[in-house]
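[1] Sequence first, then the predicted structure, then my questions.
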Amino acid sequence: MSSNEPVRLLILEESQNRAEELIVLLRTAGRATRAHQIESEADLTAQLQEHAWDLLLASEEANDLTAEKVIKQVKELEKDVPAILIVENREPESITEGLKIGAKDVALDDDDERLVLVIERELENLEVRCAKRRADVEMRETDRRNQLLLASSNAAIAYVHEGMHI
């Protein structure tokens, strides 16, 4: 994902104002953003099934959903959507708990600069995973074609003549 492509962002946040702040934060950092604020569990399921998402920013609880439930839903649907948990609690246990439930990282609610850095890192990691999946598909296709060529060929495919590969 280049920095020109818009970031498709899912947000689990109770406050519409805070969700808008997160969107503005990304846009200020130079990332075009298309976002959707999760309203219910049914809304989450529909959004995950109908659209591709790049990132999930989640507060610990909003709209009768917990971050743990949302992250679990993403994993059950086998979607590659990295989750960043945003917490107000500065206790180390909250960070540990966030990582245990499956968040890629935990950021403090009032540390926007670190949040932007975490988001950039996760978007880069997502891009690497997507490139690897594309390379794997291409490699399997190339391997399939090579096997087909070997199986259907009666003549030699390469010759070695006086130490030269022809």
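    It's in. Numbers count the residues shown, from 1 in each chain.
[2] after the longest helix along the chain, next one along is what?
    Looking across the chain with DSSP state H, the single longest helix is helix 112-152. For helix 112-152, the following helix or strand on the C-terminal side (DSSP states H and E) is strand 160-161.
[3] Could you list the low-pLDDT ranges of the chain?
    Where the chain drops to pLDDT under 70, the residues are 1-3, 156-157, 166.
[4] If we use 80, what do you get?
    Low-confidence segments of the chain (pLDDT under 80): 1-4, 63, 89-90, 153-159, 163, 165-166.
[5] and residue 104, how many neighbours does it have?
    Residues near residue 104, counting by other CB atoms under 10 Å, number 19. Placement of C-beta: from N, CA and C, glycine included.
[6] Tell me which residues touch it, please.
    By CB atoms under 8 Å, 6 or more residues apart in numbering, the contact set of residue 104 is 82-84, 118, 122, 125.
[7] Mind doing that once more with 7 Å?
    82-84, 122 (CB atoms under 7 Å, 6 or more residues apart in numbering).
[8] Report the two of the residues you listed separated the most.
    Pairwise distances across those (CB to CB) peak at 8.8 Å, for the pair 83 and 122.
[9] In terms of neighbours, single out the busier of these two.
    Higher neighbour count among residue 83 and residue 122: residue 83, with 24 against 19, using other CB under 10 Å.
[10] Phi and psi next, for residue 154.
    Main-chain dihedrals, residue 154, degrees, to the nearest 10: phi -100, psi -30.
[11] ok, the residue most central in space within the chain - contacts?
    Central residue check for the chain by CA atoms, centre = their mean: the C-alpha nearest the mean position is that of residue 81, 3.4 Å away. Residues in contact with residue 81, defined by CB under 7 Å, 6+ apart, are 10, 53, 55-56, 74.
[12] and with 10 Å instead?
    Applying CB atoms under 10 Å, 6 or more residues apart in numbering to residue 81 gives the contacts 8-10, 48, 52-56, 70-71, 74-75, 104, 122, 126.
[13] what about it, distance to residue 68?
    15 Å (CB to CB, to the nearest Å).
[14] same deal with residue 49?
    20 Å.
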